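In: Next one to model:
(one chain, ligands or ions: 4)
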Amino acid sequence: MIEIFTKADCCGCSACANICPRGCITMRADEEGFLYPKVNTDACVDCGLCEQVCPLRHKPQQHEIIAVYGAKNKNDDMRFSSSSGGFFSLVAEAVLAKGGVVFGAALEENLEVRHIKIENAKDISRLRGSKYVQSVLGDCFTQVRSLLRAGRQVLFSGTPCQIAGLKKYLIKDYANLWTIDVVCHGVPSPKVYQKHLRELSAQAGEPVTEVRFRDKTKGWKNGETLFLTEHQRLGNSKRKETYMRLFLNNVSIRPSCGQCAFNNRRSQADITIADYWGVDKQFPEFDDDKGVTLVLINSSQGRELFEQIKNKAELLETNFSLGAEYNLAVAKSLPLHPQREFFFANLDKYTLTELEERLLPKNNG
Ligand SMILES: Cc1cc2nc3c(=O)[nH]c(=O)nc-3n(C[C@H](O)[C@H](O)[C@H](O)COP(=O)(O)OP(=O)(O)OC[C@H]3O[C@@H](n4cnc5c(N)ncnc54)[C@H](O)[C@@H]3O)c2cc1C
Ligand code: SF4
Ligand code: SF4
Ligand code: SF4
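Out: Ligands and ions are numbered 1, 2, ... in the order given. Model (predicted):
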């Protein structure tokens with residue numbers, strides 16, 4: 001039976017909750033707002049399946065990367081509304097065109113971030129773009145298994161730990177499953193995110209109804225994080241915005257992210273995508289400040305998928321070291337902020353702006 005002794009040993013992937021044959025594991029939020037499994041010990045039959053599928057009890061080994069590219073979706077509208085080069089949308093389109101289904105993170109009711117399933121190309125926009133909050137997976141893994149067993153093509157996208165959890169949960173390989181993950185340095189707590197939405201709504205005097213984590217109106221590199229109400233537009237450059245600063249400085253993220261087990265060639269996905277930061281320095285002629293996706297092909301299935309869509313993107317051949325040169329999260333984890341504990345202990349006492357002022361040096365940049 002799964003027991004969490006150290007919070008850093010659980011990434012919240014929910015594989016254990018989905019696999020339990022007795023349905024005795026529920027994912028519950030802790031005081032920081034992150035989900036952890038809670039076992040109903042009375043119903044547990046000690047089958048051990050939950051431990052068997054846990055990706056943090058069976059960590060992946062490093063593997064070779066088959067190829068690395070910089071990619072720009074040739075459709076400018078799609079690229080503009082994506083966080084980097086809009087590569088994800090091309091992969092999703094290809095799988096949907098074959099009659100498949102796609103899972104990914106969407107902004108749902110009350111702007112909560114949850115994984116959803118889409119079957120229609122018009123819904124790709126719901127999955128497009130990064131949402132910098134840990135998404136709720138619910139019973140998605142169970143749904144994926146049923147669809148795979150029914151012979152449907154499935155693309156599952158998410159953070160590297162979500163993909164690793166799904167692969168463990170499925171136990172065996174499926175030829176009709178495709179996976180794509182995002183390079184990820186951490187996920188912020190949904191509780192911090194909801195607090196920010198509440199505080200901004202109070203400041204505006206009306207509710208926040210739309211969030212754009214990576215608005216590119218001022219360019220990809222100087223992107224903004226915006227919170228829109230009916231009449232107002234709140235937010236700032238992503239480097240100055242309170243919520244983003246707490247995220248990017250590893251204050252508001254999950255304990256397991258301080259030493260991530262899935263970066264640096266340990267992704268279990270067929271394809272990994274990231275921002276190709278530094279492309280302007282390495283290949284200035286390729287950068288137009290509208291966004292470039294760094295694409296890492298991890299498996300032969302990833303290569304197969306890539307071949308199907310490559311004509312829809314402008315491509316640049318690069319390599320792992322260049323891709324990681326200006327993007328630390330590709331190859332390593334950075335430690336949690338030294339005052340992370342103070343932050344969460346005082347989350348209900350101060351506003352996020354007050355906590356930002358206490359913990360992070362003033363940002364005039
Ligand atoms: C929490 C998080 C942290 C990240 N950290 C980094 C980083 O440190 N360095 C870096 O280079 N890139 C990071 N990224 C990835 C980056 O923001 C872009 O998503 C990536 O470059 C792909 O861009 P795109 O334009 O090809 O596709 P986009 O359309 O922008 O990507 C959409 C994809 O992101 C997935 N997604 C969005 N939000 C979430 C979420 N909350 N949980 C799981 N999956 C989600 C969707 O399911 C979809 O597959 C992070 C993304 C997330 C979600
Ligand atoms: S040991 Fe088996 S029955 Fe018990 S919680 Fe784990 S999966 Fe469920
Ligand atoms: S399977 Fe996932 S949710 Fe369950 S304990 Fe392991 S990491 Fe946590
Ligand atoms: S940093 Fe690692 S553990 Fe944390 S959300 Fe990303 S993939 Fe999961």
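In: do you know how far Cys24 is from Ala204?
Out: Cys24 is 43 Å from Ala204, where distance means Cβ to Cβ, to the nearest Å. (Glycine included, C-beta is placed from N, CA and C.)
In: quick one, strands of the chain?
Out: 25-29, 35-39, 67-73, 101-107, 113-118, 154-158, 177-182, 210-215, 224-228, 233-237, 271-275, 293-297, 313-318 (DSSP state E).
In: Need the residues that contact the helix ranked longest in the chain.
Out: When the chain is parsed with DSSP state H, its longest helix is helix 190-204. Residues from elsewhere that reach helix 190-204 (Cβ atoms under 8 Å, 6 or more residues apart in numbering): 29, 32-34, 110-113, 133-134, 136, 207-208, 211, 227, 229, 231-232, 234, 242-243, 246, 252, 347, 351-353.
In: Now the residue of the stretch 51-200 of the chain found nearest ligand 3: closest residue in space that isn't a chain neighbour?
Out: The minimum distance from the stretch 51-200 of the chain to ligand 3, using Cβ to the nearest ligand atom, falls at Cys54 (3.2 Å). Distances taken as Cβ to Cβ, 6 or more residues apart in numbering place Cys16 nearest to Cys54, at 5.9 Å, with adjacent residues excluded.
In: how about the one you found, what does it touch?
Out: Ile2, Ile25, Pro37, Cys50, Glu51, Val53, Cys54.
In: and the residues you listed as JSON lines, adding pLDDT, distance to ligand 4 and neighbour count?
Out: Shown next, in JSON lines, are the contacts of Cys16 (pLDDT from 0 to 100; distance: Cβ to the nearest ligand atom, whole Å; neighbours: other Cβ atoms under 10 Å):
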{"residue": "Ile2", "pLDDT": "86", "distance to ligand 4": "17", "neighbour count": "24"}
{"residue": "Ile25", "pLDDT": "96", "distance to ligand 4": "19", "neighbour count": "23"}
{"residue": "Pro37", "pLDDT": "97", "distance to ligand 4": "15", "neighbour count": "23"}
{"residue": "Cys50", "pLDDT": "97", "distance to ligand 4": "18", "neighbour count": "23"}
{"residue": "Glu51", "pLDDT": "96", "distance to ligand 4": "18", "neighbour count": "14"}
{"residue": "Val53", "pLDDT": "97", "distance to ligand 4": "16", "neighbour count": "24"}
{"residue": "Cys54", "pLDDT": "98", "distance to ligand 4": "13", "neighbour count": "24"}
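In: Among these, name the ones in helices.
Out: Reading helices off the contacts of Cys16 with DSSP H, I get Cys50, Glu51.
In: which one among the contacts of Cys16 gets closest to Ser300?
Out: Val53 (24.3 Å; Cβ to Cβ).
In: how about the closest one, what does it touch?
Out: Counting by Cβ under 8 Å, 6+ apart, Val53 touches Ala15, Cys16, Ile19, Gly165, Lys168, Tyr169, Ile171.
In: Could you find the closest non-adjacent residue to the residue of the stretch 101-250 of the chain found nearest ligand 2?
Out: Closest to ligand 2 within the stretch 101-250 of the chain is Tyr169: 11.3 Å, counting by Cβ to the nearest ligand atom. Leaving out its chain neighbours, the residue that sits closest to Tyr169 by Cβ to Cβ, 6+ apart is Ala15, at 4.1 Å.
In: wait, doesn't that neighbour sit right on Phe141?
Out: Yes - with contacts counted by Cβ atoms under 8 Å, Ala15 reaches Phe141, the gap being 6.3 Å.
In: who's more crowded, the two?
Out: Neighbour count, other Cβ atoms under 10 Å: between Ala15 and Phe141, Ala15 has more, with 30 against 25.
In: Can you name the residues bridging to Ala274?
Out: Taking DSSP bridges as the rule, Ala274 bridges to Leu294.
In: does it really touch Ala329, like I thought?
Out: Yes - at 7.4 Å, Ala274 counts as touching Ala329 under the criterion of Cβ under 8 Å.
In: if I look at those two, which residues touch both of them?
Out: Shared contacts of Ala274 and Ala329, defined by Cβ under 8 Å, 6+ apart, comprise Val183.
In: Tell me which of the two has more neighbours.
Out: Legend: neighbour count by other Cβ under 10 Å for Ala274 and Ala329, higher for Ala274 (23 against 20).
In: any idea how far ligand 1 is from that one?
Out: 3 Å (Cβ to the nearest ligand atom, to the nearest Å).
In: And the buried ones among the contacts of helix 190-204, selectable in PyMOL?
Out: Here is the PyMOL selection string for the buried members of the contacts of helix 190-204, based on 16 or more other Cβ atoms under 10 Å:
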select buried, resi 32+33+34+111+112+113+133+134+136+208+211+227+229+242+243+246+252+347+351+352
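In: Between Ala15 and Phe141, which contacts overlap?
Out: Gly165, Leu166, Tyr169.
In: Leaving out sequence neighbours, find the closest residue to the first one.
Out: On the basis of Cβ to Cβ, 6+ apart, the spatially nearest residue to Gly165 that is not a chain neighbour turns out to be Cys13, at 2.8 Å.
In: from memory that neighbour sits against Ser135, does it?
Out: No - using Cβ under 8 Å, Cys13 is not in contact with Ser135; the gap is 11.0 Å.
In: of those two, who's got more company?
Out: Neighbours were counted for Cys13 and for Ser135 using other Cβ under 10 Å; Cys13 has more, 28 against 23.
In: Return the per-residue confidence for that one.
Out: Per-residue confidence for Cys13 comes out at a pLDDT of 98.
In: center of this protein - which residue?
Out: Thr159 (4.0 Å; Cα atoms, centre = their mean).
In: From Tyr243, how far off is the residue in the stretch 1-150 of the chain that ligand 4 sits nearest to?
Out: Nearest residue of the stretch 1-150 of the chain to ligand 4 (Cβ to the nearest ligand atom) works out as Cys11 at 4.1 Å. Per Cβ to Cβ, Cys11 is found 21 Å from Tyr243.
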